[in-house]
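> Model the following, please.
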Amino acid sequence: MVPDLSRRPAVVLVVEDEMMLRMRAVDMVEDAGYTPLEALDTDEAVAILESRSDIALMCTDIQLPGSMDGLGLAHTVHKRWPAIKIILVSGQLNPSSIDLPPCSRFFGKPLQAWQIIAELRSMIGQA
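Numbers count the residues shown, from 1 in each chain. Next up is the predicted model:
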C-alpha cells in the first residue's frame, strides 16, 4: 500500500535557543496536529531550511544566537523561501509591523497556547 502523502501533517520549524521555551513551542505545534522541527540558532535554522522542502511555517524568537537575529532570519526566509509562513515571538522586543516581513505575525511572550495554535491553523490550515 502506498502512503497518502497529501495527508501528512504540515512541518513547522521552531527556532528558539532557550530549551524550556522551545519545548513548550514544540508542544503547541504537536497539539495543533503538525510535525515540529527544532533549531537552536539562526544558522542551524538556515541549514535545516536548505536541506528540506516540506517546511510550511517557521516560528522564531527574535533574540537568537547565530550570524543574524530572528528578525534577520525572518527576512531571509521570506526572500529565499517565500511560501513559508512566519511567526516571530519575543519577550523583550516589540517590532513595528513595518519591520516584519510581509504576511508574518508577531506575538509577545509569554505565548498563549490557544492563540498560537489558532494562528498556526489560520496560516497553514487544519492539520
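> looking at it, Phe106 is touching Ile86, isn't it?
No - in this structure, Phe106 sits apart from Ile86 without contact. The criterion is Cβ atoms under 8 Å, and the distance is 9.5 Å. (Each C-beta comes from the backbone N, C-alpha and C, glycine too.)
> who has more neighbours, those two?
For the pair Phe106 and Ile86, the greater number of neighbours falls to Ile86 (24 against 19), based on other Cβ atoms under 10 Å.
> Would you mark the buried spots in stretch 76-90?
The neighbour-count check on stretch 76-90 (16 or more other Cβ atoms under 10 Å) flags 76-78, 84-90 as buried.
> Check which helix or strand Ala47 maps to.
Using DSSP states H and E, Ala47 sits within helix 42-51.
> Quick one: residues in contact with that helix.
Counting by Cβ atoms under 8 Å, 6 or more residues apart in numbering, the neighbours of helix 42-51 from elsewhere in the structure are 13, 15, 37, 39, 55, 58, 60, 64-70, 72-73, 76-77, 80-81, 84.
> where's Gly33 relative to Pro9, distance?
6 Å (Cβ to Cβ, to the nearest Å).
> Between these two, point out the one with more neighbours.
Under the neighbour definition other Cβ under 10 Å, Gly33 and Pro9 were set side by side, and Pro9 has more, 16 against 13.
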